[in-house]
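Engineer: Dropping the sequence and predicted coords here.
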Amino acid sequence: MIEQPTALELVDAVIGFIETRAAPQLKDRDVFLARVAVNALLTLRREIEHGAAAEASATARLQDLMGEEGDFASLNTALCQAIREGTIDITAPALLAHMRASIIDQVQIDQPNYSGLKAALAGG
Amino acid sequence: MEAADLERAINQVAAKLAPGATGASDLRRLSGGASQETWSILANTPSGDVPLILRRRPDSPTGSGNAVPLATEAALIRAAAARGAPVPTVPYVFQEADGVGEAYVMGKVEGETLGSRIVRNEAFAAIRPKLAAQCGAVLAQIHAIPLEGLPEVAHSSALVELEKYEAVYRGCGAERPIIEAALVHLKRHAPALERQTLVHGDFRNGNLMIHPEDGLRAVLDWELAHLGDPAEDLGWICVNSWRFGNHAKPVGGFGDYSQLLDAYEAAGGTPIALERVKYWQMLGSMKWGIMCMTMYLSFANGADPSVERAMIGRRTSETEIDLITLLEAVA
């Protein structure tokens, strides 16, 4: 892939433009929306950096948990169905461990300052 | 309806807004949700201007189909006042002939509703330790409102709520294992509806007018009121999404479970087990997670193309991390 600029550099350039050029000219609700736009770009930035690794770990855990091969989407669908139909016990430590690891990775991308993330990390 | 036309229509009935009022002025839009508009207005009386808040249904409302009619909301606020609960006064509910639309006015209450300020600002440091007990006592008052004579509102229970939100979740087409597991757990442990009371339905940090010296001055936003399990209200204010970063204080980010429950009982509330409150807290986290998904859907289907609606979809994961912590605690 072309790296001049990298995807992250492009995202940073847009964040810089919004913060230093665009936002100071806005008023009322648009000030708030510009902040949300920057947050969206920061989420995108974290997803570019960590998304693929998070999905690869989730897929590996799912293959162990479900005892079958497959990609993330099909295994995740199978897991949801198993939970719904009661063929997997929702108190099973391996299931809880998978869900915990997956959601920690997701919140680290979506809202890394969320208090529930710190609580989940502190809880082991 | 234009603001000038609205102000003109309100002026026609100004005498109803405050004793001796001869006019109304300074109508100003405060916020506009999809299902609700809020305006400030002054009732002009010989002894001075009286600040009032106008709540009005937009001309083409979208959004929550669960909201009660505004006349019902006004009647519930008055019923809560009769029971001694802190609520705004409701001087007037507009009639159809007034040409104002579906609306009522309430007295302006001084204080703060922004949860993050209530949880963090120094101005609230002294009152914060007392807020959970105040919430408990006020919920006991709300739950003691006699049901006879109340306007018709929806009936609900844990199972009814689960059915409703599961249908919404399935309709989103999402596949999220934690939501699925929470649904299984919550269905399996749904408490029977032993005692039905009026439930506020959105009693949380953010809908409470908090004064730095007196604390809880008014319970606002009655649009989701219904008949159901009183524990629902106690659980909802403990959902982590309303603790504004202060995870260690389960009640609204400012208090502890025991303060809430002890004050509830001391104020005459029928004792509620902590386990039941935590059940409703988990249901509340799941409900908020699914509500975030539906707000994202209004972006995805083009109804509201704002970046804010898009980004709120990324808040469902917050509720899921709370749900996994709660699920592990009961596993």
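Structural biologist: Received the coordinates, thanks.
Engineer: Okay, buried residues for the biggest helix by length in chain A please.
Structural biologist: Of all segments of type helix in chain A, defined using DSSP state H, the longest is helix A:29-66. Neighbour-count burial for helix A:29-66 flags A:33-41, A:43-46, A:54-55, A:58-59, A:61-62, A:65-66 (criterion: 16 or more other C-beta atoms under 10 Å in any protein chain shown). (Each C-beta comes from the backbone N, C-alpha and C, glycine too.)
Engineer: next one: stretch B:241-256
Structural biologist: For stretch B:241-256, a neighbour-count test (16+ other C-beta under 10 Å) marks B:241-247, B:249-256 as buried.
Engineer: same deal with stretch A:9-26?
Structural biologist: Across stretch A:9-26, burial judged by 16+ other C-beta under 10 Å covers A:11, A:15, A:18, A:23.
Engineer: How about the second one, nearest residue that isn't a chain neighbour?
Structural biologist: When you say that, I think you mean A:Ile15. A:Leu41 (5.0 Å; C-beta to C-beta, 6 or more residues apart in numbering or on different chains).
Engineer: can you check the last one too?
Structural biologist: With C-beta to C-beta, 6+ apart as the criterion, A:Ala23 has its nearest non-adjacent residue at 4.3 Å, and that residue is A:Ala34.
Engineer: can you pull the contacts of the one you found?
Structural biologist: A:18, A:22-23, A:26 (C-beta atoms under 8 Å, 6 or more residues apart in numbering or on different chains).
Engineer: rewinding a little: what's the average pLDDT for the longest helix of chain A?
Structural biologist: If you average the pLDDT over helix A:29-66, you get 96.
Engineer: Run the chain-centre distance for that helix.
Structural biologist: 3 Å (C-alpha atoms, centre = their mean, to the nearest Å).
Engineer: what's the answer for stretch A:91-101, then?
Structural biologist: The chain centroid and the centroid of stretch A:91-101 are separated by 18 Å under C-alpha atoms, centre = their mean.
Engineer: try stretch B:245-262
Structural biologist: Using C-alpha atoms, centre = their mean, the offset of stretch B:245-262 from its chain centre is 18 Å.
Engineer: Send me that stretch as PDB with only the CA atoms.
Structural biologist: Listed next in PDB are the C-alpha coordinates belonging to stretch B:245-262 (Å, rounded to 0.1, in the frame of the first residue of the first chain):
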ATOM      1  CA  GLY B 245     -17.100   8.500  34.900                       C
ATOM      2  CA  ASN B 246     -17.600   7.900  38.700                       C
ATOM      3  CA  HIS B 247     -17.900   4.200  38.500                       C
ATOM      4  CA  ALA B 248     -17.300   3.700  42.200                       C
ATOM      5  CA  LYS B 249     -20.600   5.500  43.100                       C
ATOM      6  CA  PRO B 250     -23.300   3.300  41.700                       C
ATOM      7  CA  VAL B 251     -26.200   5.700  42.300                       C
ATOM      8  CA  GLY B 252     -25.900   8.300  39.600                       C
ATOM      9  CA  GLY B 253     -22.100   8.600  40.100                       C
ATOM     10  CA  PHE B 254     -22.800  10.300  43.600                       C
ATOM     11  CA  GLY B 255     -24.000   7.600  46.000                       C
ATOM     12  CA  ASP B 256     -24.100   4.000  47.200                       C
ATOM     13  CA  TYR B 257     -26.800   1.400  46.900                       C
ATOM     14  CA  SER B 258     -27.400   1.300  50.700                       C
ATOM     15  CA  GLN B 259     -28.000   5.100  50.900                       C
ATOM     16  CA  LEU B 260     -30.600   4.800  48.100                       C
ATOM     17  CA  LEU B 261     -32.400   1.700  49.600                       C
ATOM     18  CA  ASP B 262     -32.300   2.800  53.200                       C
END
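Engineer: right, is that stretch up against chain A?
Structural biologist: Yes. Between stretch B:245-262 and chain A, judged by C-beta under 8 Å from any C-beta of the partner chain, the touching residues are B:245-247.
Engineer: Just name the closest of those to B:Ile77, please.
Structural biologist: B:Asn246 (28.9 Å; C-beta to C-beta).
Engineer: Now do the contacts for the closest residue to the closest one other than its chain neighbours.
Structural biologist: Using C-beta to C-beta, 6+ apart and skipping the chain neighbours, the partner closest in space to B:Asn246 is B:Gly253 (3.7 Å). Residues in contact with B:Gly253 (C-beta under 8 Å, 6+ apart) are B:115, B:118-119, B:205, B:242-246.
Engineer: ditto for B:Gly111
Structural biologist: Taking C-beta under 8 Å, 6+ apart as the criterion, B:Gly111 is in contact with B:209-212, B:217-218.
Engineer: mind checking how far it is from chain A?
Structural biologist: When distance is defined by C-beta to the nearest C-beta, to the nearest Å, B:Gly111 is 22 Å away from chain A.
Engineer: Which pLDDT does the model give that residue?
Structural biologist: With respect to pLDDT, B:Gly111 scores 96.
Engineer: now it: how far from B:Pro271?
Structural biologist: Distance from B:Gly111 to B:Pro271, counting by C-beta to C-beta, to the nearest Å: 30 Å.
Engineer: Over to B:Gly115?
Structural biologist: Counting by C-beta to C-beta, the gap from B:Gly115 to B:Pro271 is 28 Å.
Engineer: out of those two, which sits in the more crowded spot?
Structural biologist: Taking neighbours as other C-beta atoms under 10 Å in any protein chain shown, B:Gly115 and B:Pro271 compare with B:Gly115 leading, 23 against 8.
Engineer: so how far is A:Ile18 from the residue in chain A sticking out farthest from the centre?
Structural biologist: Most distant from the centre of chain A: A:Gln25, at 31.5 Å, with distances by C-alpha atoms, centre = their mean. Separation of A:Gln25 from A:Ile18 (C-beta to C-beta): 11 Å.
Engineer: what do you get for B:Gly20?
Structural biologist: 51 Å.
Engineer: before we move on, the earlier item: filter the contacts of B:Gly111 down to the ones in strands?
Structural biologist: Within these, residues falling in strands by DSSP state E are B:209-211, B:217-218.
Engineer: ok, those vs B:Ala132, which is closest?
Structural biologist: B:Ala132 lies nearest to B:Ile210 out of these, by C-beta to C-beta, at 11.9 Å.
Engineer: could I get the buried residues of stretch A:9-26 as a markdown table with distance to B:Val184, pLDDT and secondary structure?
Structural biologist: Shown next, in a markdown table, are the buried residues of stretch A:9-26 (distance: C-beta to C-beta, whole Å; pLDDT from 0 to 100; DSSP: H, G, I helix; E, B strand; the rest coil):
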| residue | distance to B:Val184 | pLDDT | secondary structure |
| --- | --- | --- | --- |
| A:Val11 | 39 | 97 | helix |
| A:Ile15 | 41 | 97 | helix |
| A:Ile18 | 43 | 97 | helix |
| A:Ala23 | 45 | 95 | helix |
